[in-house]
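A.B. asks: Coordinates only, no sequence provided:
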């Protein structure tokens with residue numbers, strides 16, 4: 001029996017790799033001779049870099065960069081395809097998980113470290129970039145990243161504006177005279193699954209500002225500053241489009257990539273599926289196993305497990321999903337290729353206990369075992 005296992009991370013509990021290994025353990029208890037292919041999965045957010053590095057046989061790089069509040073922090077990215085392609089997550093340098101809750105303040109948080117990551121990869125010979133931009137702590141329109149790459153965002157005195165959204169208010173002129181020349185040879189594919197424009201009621205400041213520490217007054221201020229920044233960019237950079245779907249991703253980082261760099265925005269799930277060879281493994285499998293920490297209506301709208309299910313149905317493969325929990329509306333997943341899903345919680349315990357990695361892995365393995373015992377009965381009947 002061949003099984004292809006591609007489970008997204010159980011956020012805060014199991015990585016995609018750990019979840020895959022737990023499910024594989026349960027399968028092998030029932031089918032000791034099973035061939036189980038574990039594929040690391042992600043959708044552009046947390047775990048995207050790990051999935052791509054694993055699937056593309058990349059090597060990790062560890063460097064010091066400027067963190068979201070200006071202090072030095074260690075971050076990781078990957079290099080693959082004979083040193084040509086850099087694989088990154090912006091959250092490694094400017095993610096919200098790098099900050100304590102009381103430290104979150106988008107007026108001051110910067111994407112400068114993202115630019116430093118890109119610079120490091122360029123110096124090592126990379127010309128292609130795959131970058132996930134989920135999980136940001138920032139709302140600076142990407143100007144921090146661009147400053148690190150040599151762009152000038154200058155105030156009325158001709159000085160670089162300060163880090164964070166506060167810098168947007170002070171921009172009077174944008175220059176590209178100091179940009180590193182190697183950038184002209186670089187192409188960026190950005191994993192982005194949100195469609196928010198840069199400004200307005202659906203823009204980054206209004207929709208994502210609160211989770212990054214913004215109050216109502218701050219949100220309104222940042223939105224005005226963001227619009228001013230976009231209007232200024234439009235005067236000199238013809239690709240600037242503040243209404244473009246995804247321009248508001250990661251606090252306007254999507255706008256920065258689209259306007260100032262040779263970039264495209266693409267579904268994170270699609271990038272991972274294309275780059276990691278999952279399709280071939282699914283094609284050869286007898287059954288496909290997927291899942292994520294919480295299955296709900298959002299899952300059915302195109303998150304990673306549905307991407308796997310759609311690919312499986314291309315080859316008429318049965319699809320089983322496991323999750324930490326499942327909302328009632330998760331039944332919508334059955335319409336999009338997941339034949340049956342199974343929450344793994346096996347007794348009444350606290351959320352904190354359920355999310356302990358060992359507890360979650362044991363629960364996942366035990367649940368997979370029972371499901372595949374039933375599968376084996378079905379096989380015998382046939």
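C.D. replies: Good, I have the coordinates. Just so it is clear, the model here is predicted, and its values are computed rather than measured. Numbers count the residues shown, from 1 in each chain.
A.B. asks: What are the boundaries of the helices in the stretch 101-250 of the chain?
C.D. replies: Using DSSP state H, counting those that start in this stretch, the helices found in the stretch 101-250 of the chain span residues 112-123, 143-148, 166-170, 204-208, 216-236, 249-260.
A.B. asks: So which of those helices is nearest residue 315?
C.D. replies: With respect to residue 315, and counting by CB to CB, the nearest of the helices of the stretch 101-250 of the chain is helix 249-260 at 32.0 Å. To be clear about C-beta, it is placed using only N, CA and C from the backbone, and glycine gets the same treatment.
A.B. asks: helix or strand right after that closest one?
C.D. replies: strand 263-266 (DSSP states H and E).
A.B. asks: re the thing from before, need the helices of the stretch 101-250 of the chain in CSV with mean neighbour count, mean pLDDT and distance to residue 242, can you?
C.D. replies: Formatted as CSV, the helices of the stretch 101-250 of the chain follow (neighbours: other CB atoms under 10 Å; pLDDT from 0 to 100; distance: least, CB to CB, whole Å):
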stretch, mean neighbour count, mean pLDDT, distance to residue 242
helix 112-123, 23, 98, 20
helix 143-148, 27, 98, 14
helix 166-170, 20, 97, 13
helix 204-208, 25, 95, 10
helix 216-236, 18, 96, 4
helix 249-260, 29, 97, 7
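A.B. asks: my read: residue 91 touches residue 48, true?
C.D. replies: No: proximity of residue 91 to residue 48 does not meet the contact threshold set by CB atoms under 8 Å, at 9.2 Å.
A.B. asks: which residues are common contacts for the two?
C.D. replies: 132, 134 (CB atoms under 8 Å, 6 or more residues apart in numbering).
A.B. asks: If you count surrounding residues, which of the two has more?
C.D. replies: residue 48 (31 against 25; other CB atoms under 10 Å).
A.B. asks: Grab the nearest non-local neighbour of the more buried one.
C.D. replies: In this structure, residue 48 finds its nearest non-sequential neighbour in residue 132, 3.6 Å apart by CB to CB, 6 or more residues apart in numbering.
A.B. asks: tell me the secondary structure for the residue nearest to the spatial centre of the chain?
C.D. replies: Centrality entry for the chain: nearest residue to the mean C-alpha point is residue 45, 1.5 Å, by CA atoms, centre = their mean. Put simply, residue 45 is coil when judged by DSSP: H, G, I helix; E, B strand; the rest coil.
A.B. asks: Identify the residue spatially nearest to it, adjacent ones excluded.
C.D. replies: residue 134 (3.1 Å).
A.B. asks: what's around the one you found, how many residues?
C.D. replies: Neighbours of residue 134 using other CB under 10 Å come to 23.
A.B. asks: what do you get for residue 64?
C.D. replies: Residues near residue 64, counting by other CB under 10 Å: 12.
A.B. asks: so what secondary structure elements neighbour the helix or strand where it lies?
C.D. replies: Per DSSP H and E, residue 64 falls inside strand 59-66. In terms of contacts (3 or more CB pairs under 8 Å, 6 or more residues apart in numbering; DSSP states H and E), strand 59-66 is packed against strand 72-80, helix 112-123.
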